[in-house]
Structure formats: structure tokens, C-alpha cells
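S.K.: output the structure for:
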Amino acid sequence: MNFNLLGAIGRAVLAFLQIAGRLLLFSIEGLSHCIRPPYFPRLVLRQMIEVGYYSIPVVSLTALFSGMVLCLQSYTGFSRFSAEASIPMVVVISLTRELGPVMAGLMVAGRVGAAMAAEIGTMRVSEQIDAMTTLSTNPIKYLIAPRLIAGILMLPFLVLLADIVGVFGGYLVGVYKLDFNAQNYITNTFEFLETLDVVSGLVKAAVFGFLIALMGCYHGFNSKGGAQGVGRATTNAVVSGAMLVLVSNYIITEAFFAK
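M.R.: Modelled structure (predicted):
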């Protein structure tokens, strides 16, 4: 029984290492094609529109209500200690450091990661990728690199938008529901905001964008088994992308703010 348990653990570890090795090689190859010619600017622009422009409504709506709820809940707790003046600081720091990047990353992982996996997975099971290889077109260069570039470039813009909209949502609740003075709220917001808070969020966004695009492309590119395989690849892309967003969020936060 003990040997069976050890064998199962060993197989699981070997399977994990095999998957991690494939993913590492896939990411290195994808990044290398991002910086090596030839380039496909029209494909990159198309993916930037898909990743960035079409994600604006869901990211903005999520950030708006996150900022509103954060302000409301902060007031509920801080009013017990007569510390209501600290609410603008909590809202802006929480949004720029954590909530803005993480919420935008999770929303994009659900929308863009799934779309990438489904599109590339459909091309894989319908043998379009094999046809590209037969026609001497590198599928990594043509399919993967533009999506990686778009993810890295557009996530910081989405996070910056989420920061602005989220702070505005907190301002709406603070001023029009909790009766804060509008000028004091704005003053306190900018007084406590530091450049490092925004920069750390934008660095997180670039990393999240790469990871989300990587997971969508990887699972779609390696999908098999027809429609069921595409559905499985889509699910795996969203789940793995969301998990990597949360894990990398802690690692980057530790790098920026650990003492």
C-alpha cells in the first residue's frame, strides 16, 4: 500500500514537471518570436483591439462597483474608530496596488483567455494549424506572438482605467452617500497616493497580461479531441490564468513592498 502511494505521488510529480517543462519551452519560444522578425503589426493591432478595447466595459463596470463597495465597507469599519478621514487613502491604495490589477486580470482571463483558447483550439482540431505548418507559416509567430504582445501592452491600460474608474466610484459613494466634503476627499486621495503604488499595479498588469495570453494560447494550441477538447482547453485556460494571476500577484507584491 505504501509503495502504491509513493508510486502515485511520483507519477503526479513527474506529470507536473512534464507540464511545467512544456509550458516553459512554449513561453520561451513565444517570447522569442515576439522580438524576432518578421512582424505582423496588423495582427498585433487586431489582438490589441480584442484584448483592450472590447474589455473596457466589463473592466470599467467591475472597477466602478468595487470602488463603491470598498468605500462603503471602509466607512462601516472606520466609523467605529472615528477614522473616516482615512477612507480615501484606503480606497486609492487598495485599488492601485491590488484590486485594480487583480480584478482587471480576472475579468480579462475570463473573457480573453477563454476566447484565445477556443479560437486556437478550434484551429488545432480542424487541422488549420497543421495546414499553416505545411505552407511554411510558423504558427507560433502568426498566432501566439501577436496575442502575447497584445496582452502585455493592453493590460496596463485597462488597469490604469480600472484605477481611475474605481477611485471615481469611491468618490461618488463618499461624497453623495456618506456626505464627505468633495474637496477634502480629493485632497486626501492625492495626498496619500504615491508613484510606487501606481507603478506596482502597472507592472502587475503587464505580467498578468502575459500570463493570461500564455495560458489561452498554450491550452488552445495543445488541445485535442474535437469539440470536447476545445471546451476542456477553454476551461483550463480560464482556471489556470486566474490562478496564475493570484499567485503572481502575491510574488510581485512581496517584491515591491516586503520589508
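
S.K.: neighbours of residue 89, how many?
M.R.: Using other C-beta atoms under 10 Å, residue 89 has 16 other residues around it. In short, each C-beta sits where N, CA and C put it, glycine included.

S.K.: ignore the last one, residue 235
M.R.: Summarising burial for residue 235: neighbours were counted as other C-beta under 10 Å, giving 13.

S.K.: that one sits in which helix or strand?
M.R.: With elements delineated by DSSP states H and E, residue 235 resides in helix 226-257, which encompasses its position.

S.K.: longest helix of the chain?
M.R.: Across the chain, the longest stretch assigned as helix under DSSP state H is helix 2-35.

S.K.: could you find the closest non-adjacent residue to residue 249?
M.R.: Taking C-beta to C-beta, 6 or more residues apart in numbering, and ignoring the residues beside it in sequence, residue 249 has residue 102 as its nearest neighbour in space, at 5.6 Å.

S.K.: next, count neighbours for that neighbour.
M.R.: The criterion is other C-beta under 10 Å. On that basis, residue 102 has 21 neighbouring residues.

S.K.: likewise for the one 4 residues further on?
M.R.: Counted with other C-beta under 10 Å, the neighbours of residue 106 add up to 20.

S.K.: how about the closest residue to it other than its chain neighbours, what does it touch?
M.R.: Among residues not flanking residue 106 along the chain, residue 242 sits closest, at 5.6 Å (C-beta to C-beta, 6+ apart). Going by C-beta atoms under 8 Å, 6 or more residues apart in numbering, residue 242 touches 105-106, 109-110.

S.K.: now do the helices in the stretch 51-200 of the chain.
M.R.: The residue ranges that make up the helices of the stretch 51-200 of the chain, judged by DSSP state H, counting those that start in this stretch, are 56-78, 87-94, 100-108, 114-125, 128-134, 139, 145-176, 182-192, 195-221.

S.K.: just the pLDDT at the nearest residue to residue 26 once chain neighbours are set aside, thanks.
M.R.: Computed as C-beta to C-beta, 6+ apart, the closest residue to residue 26 that is not its neighbour in sequence is residue 218, at 5.4 Å. We note a pLDDT of 93 for residue 218 in this prediction.

S.K.: the one 10 residues further on too?
M.R.: According to the model's per-residue confidence, residue 228 sits at a pLDDT of 86.

S.K.: could you measure from it over to residue 235?
M.R.: Residue 228 sits 11 Å away from residue 235 when distances are taken as C-beta to C-beta, to the nearest Å.

S.K.: now for residue 47: which residues touch it?
M.R.: By C-beta under 8 Å, 6+ apart, the residues touching residue 47 are 146-147, 149-150.

S.K.: my bad, residue 191
M.R.: Applying C-beta under 8 Å, 6+ apart to residue 191 gives the contacts residue 89.

S.K.: could you check the pLDDT of it?
M.R.: Residue 191 is assigned a pLDDT of 84 by the prediction.

S.K.: where does this protein dip in pLDDT?
M.R.: 1-3, 259 (pLDDT under 70).
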